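Undergrad: Sequence first, predicted model second:
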There are 2 protein chains.
Amino acid sequence: MAQSDTVDRILDAAEELFADRGFSETSLRMITSKAKVNLAAVNYHFGSKNALIHAVFARFLTPFSATLESAFDELEERCNGKPPTLNQTLWALTESAVRMPQRNEKGISIFMRLLGLAYTQSQGHLRKFLEQEYSEPFSRFMRLLKEATPQLSSVDRYWRIQFMLGATAFTMSSSDALRDILQNKLGVETTVQEIAARLVPFLAAGMQAEDAMLIPPAGSKVSVA
Amino acid sequence: MAQSDTVDRILDAAEELFADRGFSETSLRMITSKAKVNLAAVNYHFGSKNALIHAVFARFLTPFSATLESAFDELEERCNGKPPTLNQTLWALTESAVRMPQRNEKGISIFMRLLGLAYTQSQGHLRKFLEQEYSEPFSRFMRLLKEATPQLSSVDRYWRIQFMLGATAFTMSSSDALRDILQNKLGVETTVQEIAARLVPFLAAGMQAEDAMLIPPAGSKVSVA
DNA sequence: ATGTGCTTCAAACGTATGTTTCAAACAGAC
DNA sequence: GTCTGTTTGAAACATACGTTTGAAGCACAT
């Protein structure tokens, strides 16, 4: 699909294979043979496998972060002065993700899966790269979350953000498989948009949960009302 | 530490390295040199690297699933007849995890990280192994969740369980890194028990969220039919 | 002490990986 | 057409991996 330019063919193949199997488990030979290009092309065009990984992320993260920035701009303008609510902030994010121009029907799913891998697969170089390149929209999102949940302590907010990230990345990364299971079990069709629409209330509720922070003493029969 | 039996030394080293770096990124040579045993010992005692991975999981998952079963037994008995609440069910799970006898101070953290890896790192053989060996406590947990949330539709419950799994697996799989970040940023120390204690209220609140499925704010192009 | 079964050891095997090499093919400018 | 810089191609490189081998070591019953 798209143009038959070598660089793009490599990126397309790498993106899909990385999302399917992870980084270490995907060899350059798999990528180049799927892309139908010569093995040496990766090192010629990108320099190294790690640089290819960075390029795969940059290709969708750069336009996404631009879309996100303008979504935040619009949101803050619409709220003129007052901080956007948690729901508004989360919706701005998911809408930006869903509205991204997709290379194919699996686009959003691959997108999410890669983001999840970036976090869980402890590739030091990737972490460093992402932090350097995309710290701005990330911190802005964090700031909006902070302003939308002033009742939370910094520590509480930090962890709950991690929980949100996890629920999102995990669900979206395997959304294809999960959709299939649901289809077979209950005969229900589901779109990614619908998953997002179910996810956001879950996240918002969790984020705003009453803090029932009692670490139950050993032996206690816990009952959190 | 413990006995200097070769098998245990290998398991100890493998467990720690797997938790630190993932499965594919950990070589048998790293494991055997850390364990100070001969390279061939792994294949001699376990048969293959995959079998070693299974053994690492079995060593803590078998006693854990036993602990969990009895925690569920006790919980259901205590509720005599009435289904346990969502909070009770979630706490029974996390308590069982936290109370497991630890090999060292990093025990629970390694435990969680490995569980997270099992989900996120798409090792087919591991998935199959875990499903075959530990399906019973898993289905029981699912049944308890169903009884604790009768107000949810099957579809809603299905997705929200995925969200819970995701938040948990994701957070736990990178809990060390996340703890370090928190330590550096806010100077706060965190134990795994505290993370779990923060996670449970988040999950419970998300699970029981009002189904506000129509939230997309004004100006949104998302329409969830 | 001698033989037996299990365990360790150093070395090698075959395969797969990321990377490099250098000649051939190509495109566009003159 | 010829030259020039860029891209492709097949092959090799060095290294790392999981696994296998066969001899040596060991504990222990006879």
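TA: Sure, I can see it.
Undergrad: Toward the C-terminus, what is the element adjacent to the helix ranked longest in chain A?
TA: The longest helix of chain A (DSSP state H) is helix A:49-78. Downstream of helix A:49-78, the first helix or strand assigned by DSSP states H and E is helix A:86-99.
Undergrad: what's the next helix or strand after that next one packed up against?
TA: Counting by DSSP H and E, the next helix or strand C-terminal to helix A:86-99 is helix A:107-120. Contacts defined by 3 or more CB pairs under 8 Å, 6 or more residues apart in numbering or on different chains; DSSP states H and E place helix A:107-120 against helix A:6-21, helix A:49-78, helix A:86-99, helix A:124-133, helix A:154-173, helix A:175-186, helix B:107-120, helix B:154-173. For glycine as for every other residue, the C-beta is placed from the backbone atoms N, C-alpha and C.
Undergrad: before we move on, back to that, would you mind getting the angle between the longest helix of chain A and helix A:86-99?
TA: 130 degrees (axes from the mean of the first three to the mean of the last three CA atoms, to 10 degrees).
Undergrad: could you give the angle of helix A:49-78 to helix A:6-21?
TA: Going by the same axes, to 10 degrees, helix A:49-78 makes 80 degrees with helix A:6-21.
Undergrad: and helix A:49-78, is it in reach of chain B?
TA: Yes - using CB under 8 Å from any CB of the partner chain, helix A:49-78 reaches chain B at A:74, A:78.
Undergrad: looking at the helices and strands packed on helix A:107-120, which is closest to residue B:179?
TA: Closest approach to residue B:179 among the helices and strands packed on helix A:107-120 (CB to CB): helix B:107-120, 8.4 Å.
Undergrad: separation between residue A:184 and residue A:69?
TA: According to CB to CB, to the nearest Å, residue A:184 stands 40 Å off from residue A:69.
Undergrad: ok, now residue A:168?
TA: Applying CB to CB to residue A:168 and residue A:69 gives a distance of 19 Å.
Undergrad: and those two? which has more neighbours close in?
TA: residue A:168 (27 against 14; other CB atoms under 10 Å in any protein chain shown).
Undergrad: So which residues on chain A come close to DNA strand C?
TA: Chain A comes close to DNA strand C at residues A:26-30, A:39-40, A:42-43, A:48-50, as judged by CB under 7 Å from any atom of the strand.
Undergrad: at 10 Å instead, please
TA: A:23-33, A:38-44, A:46-52 (CB under 10 Å from any atom of the strand).
Undergrad: can you narrow those to ones near DNA strand D?
TA: A:28-29, A:32, A:38-44.
Undergrad: Would you mind telling me which of the helices and strands packed on helix A:107-120 is nearest residue A:144?
TA: helix A:86-99 (4.6 Å).
Undergrad: Can you pull out the low-pLDDT segments for chain A?
TA: Residue ranges of chain A with pLDDT under 70: A:1-4, A:104-105, A:122, A:173, A:175-177, A:212-225.
Undergrad: Run through the residues of it sitting next to DNA strand D.
TA: A:4-7, A:9-10, A:28-29, A:32, A:35-45.
Undergrad: out of these, which are inside helices?
TA: A:6-7, A:9-10, A:28-29, A:32, A:35, A:40-45.
Undergrad: are any of the residues you listed buried, and which?
TA: A:6-7, A:9-10, A:28, A:32, A:35, A:41-42, A:45 (16 or more other CB atoms under 10 Å in any protein chain shown).
Undergrad: What is the neighbour count of residue A:182?
TA: 19.
Undergrad: cool, residue A:78 as well?
TA: Neighbours around residue A:78, by other CB under 10 Å: 13.
Undergrad: Also residue A:65?
TA: 16.
Undergrad: repeat for residue A:72
TA: Neighbours of residue A:72 using other CB under 10 Å come to 20.
Undergrad: Next, the contact list for it, please.
TA: A:92, A:137, A:140-141, A:144 (CB atoms under 8 Å, 6 or more residues apart in numbering or on different chains).
Undergrad: Kindly provide the distance from the residue nearest to residue A:41 when sequence neighbours are not counted to chain B.
TA: Nearest residue to residue A:41, sequence neighbours excluded (CB to CB, 6 or more residues apart in numbering or on different chains): residue A:6, at 5.6 Å. For residue A:6, the distance to chain B equals 28 Å [CB to the nearest CB, to the nearest Å].
Undergrad: returning to what we had before: looking at the ones next to DNA strand D among the residues of chain A next to DNA strand C, which two lie furthest apart in space?
TA: Among these, A:29 and A:44 lie farthest apart (CB to CB), at 15.0 Å.
Undergrad: neighbours around the spatially closest residue to residue A:133 that is not a sequence neighbour, how many?
TA: The shortest distance from residue A:133 to any non-neighbouring residue, by CB to CB, 6+ apart, is to residue A:58 (7.0 Å). If you count neighbours by other CB under 10 Å, residue A:58 ends up with 15.
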